[in-house]
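A.B. asks: pasted the sequence and its predicted model underneath.
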Amino acid sequence: MLPPKPEEDPSRELVELLGIIEDYNPTIPDSVMAYYSQSSGLHSDDPRLLRLISLVVQKYIADIVNSAMQHAQLKLAAQSSTRRDGQREGASTRRDGQREGASTRRDGQREGASTRRDGQREGDRPKGKSMSRDKRLTLTMEDLVPALAERGIQVRKPHYFI
């Protein structure tokens with residue numbers, strides 16, 4: 001970051017930022033920020049300060065979620081690289097080339113395979129489309145724990161579930 005120019009006043013920039021924040025509609029509502037700031041010991045009547053804190057909290061949460069998403073993508077890439085020849089995990093192949101447990105009917109379809117209206121079986125993908133477009137990532141604790149650990153927040157599962 002460059003030092004401020006001699007004619008610029010840092011307090012003037014702060015006043016401009018607070019003026020912009022007055023019109024900003026934060027993701028975290030002002031009432032929620034007021035509750036948590038008062039419960040943590042920060043008592044302020046200035047809504048601009050609450051919106052500034054709300055903006056910082058929103059950025060912090062977005063960074064954690066982005067980091068967790070990167071962990072999920074790395075995990076997904078590692079899982080897909082371990083699969084060979086288009087087999088599903090845990091599926092073993094017999095000598096005749098079919099997967100174990102997959103019996104074929106007379107019309108060539110696997111038993112138990114449901115067919116959609118467009119004639120394709122469930123699970124079939126059009127050729128040329130990547131698997132990553134079909135998959136939607138879900139935020140799980142497995143991905144969130146390392147993202148939070150990078151920021152010094154330790155999360156553990158409870159010993160017993162009720």
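C.D. replies: That came through, no problem.

A.B. asks: C-alpha only now, for contacts and for neighbours.
C.D. replies: Fine.

A.B. asks: please save the CA atoms from the helix or strand hosting residue 17 in CSV.
C.D. replies: Following DSSP states H and E, one finds residue 17 within helix 10-23. The C-alpha trace of helix 10-23 is given here as CSV (Å, rounded to 0.1, in the frame of the first residue of the first chain):
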residue,chain,number,x,y,z
PRO,A,10,-6.8,9.8,5.6
SER,A,11,-9.7,11.0,7.8
ARG,A,12,-11.4,12.5,4.7
GLU,A,13,-11.2,9.1,3.0
LEU,A,14,-12.8,7.5,6.1
VAL,A,15,-15.6,10.1,6.0
GLU,A,16,-16.2,9.3,2.3
LEU,A,17,-16.3,5.6,3.0
LEU,A,18,-18.7,6.0,5.8
GLY,A,19,-20.9,8.2,3.5
ILE,A,20,-20.9,5.4,0.9
ILE,A,21,-21.8,2.8,3.6
GLU,A,22,-24.9,4.8,4.6
ASP,A,23,-26.5,3.8,1.3
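
A.B. asks: what mean pLDDT does that helix have?
C.D. replies: Confidence for helix 10-23, expressed as mean pLDDT, is 85.

A.B. asks: contact partners of that helix?
C.D. replies: Contact with helix 10-23 is made by 4, 47-49, 51-52, as judged by CA atoms under 8 Å, 6 or more residues apart in numbering.

A.B. asks: if we go to 6 Å?
C.D. replies: Residues from elsewhere that reach helix 10-23 (CA atoms under 6 Å, 6 or more residues apart in numbering): residue 48.
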